[in-house]
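A.B. asks: Give me a model of this one.
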Amino acid sequence: MQAGREVDRKVAEALGLTGYMPCNADDCKACDNKFVRFSTTWEGMDVLVEEAAKQGFPFQIETRFMDGGLIDYRCLSIGEDRDIVHGFGDTAPQAVCRAFLKAKGIVI
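C.D. replies: As a prediction, this is how the structure comes out:
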């Protein structure tokens, strides 16, 4: 699943936030300044990391390189069943969202 509103909505629900993103339009200007972009911004990722930590979900973010070039980001967390889960993404926020959703047992 690509980073964006659908992932952000799933993250908000998993965090227990209510009333998140009332519309489904990807280009809704009225929503742009009201809701956290967990999967596409560093600021949103920061909110996710802090809120998830309150629920007992730690994160470790790694960058993966090959021949001097960035391949992707990998995020590790511990799932509700205490297994280690991995989330990969082209950006750190995307990787953290994927790891968090997997840790919560939410399929994306």
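
A.B. asks: burial measure for residue 66, as a count.
C.D. replies: 8 (other Cβ atoms under 10 Å). (C-beta placed from N, C-alpha, C; glycine too.)

A.B. asks: And it, how close does it get to residue 72?
C.D. replies: Remark: distance between residue 66 and residue 72 (Cβ to Cβ, to the nearest Å) = 10 Å.

A.B. asks: How about residue 107?
C.D. replies: 20 Å.

A.B. asks: who has more neighbours, the two?
C.D. replies: residue 72 (16 against 7).

A.B. asks: contacts for the helix or strand encompassing that one?
C.D. replies: Using DSSP states H and E, residue 72 sits in strand 69-78. Strand 69-78 is contacted by residues 52, 57-65, 84-92, 94-96, 98-100, 102-103 when judged by Cβ atoms under 8 Å, 6 or more residues apart in numbering.

A.B. asks: Let's see the ChimeraX selection covering just the buried ones among those.
C.D. replies: Applying 16 or more other Cβ atoms under 10 Å to the contacts of strand 69-78 leaves a buried subset, and the ChimeraX line that selects it is:
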select :52,57,59,61,85,87,89,91,92,94,95,96,98,99,100,102,103
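
A.B. asks: So which of the contacts of strand 69-78 are in strands?
C.D. replies: The strands, defined by DSSP state E, take in 59-65, 84-89 from the contacts of strand 69-78.
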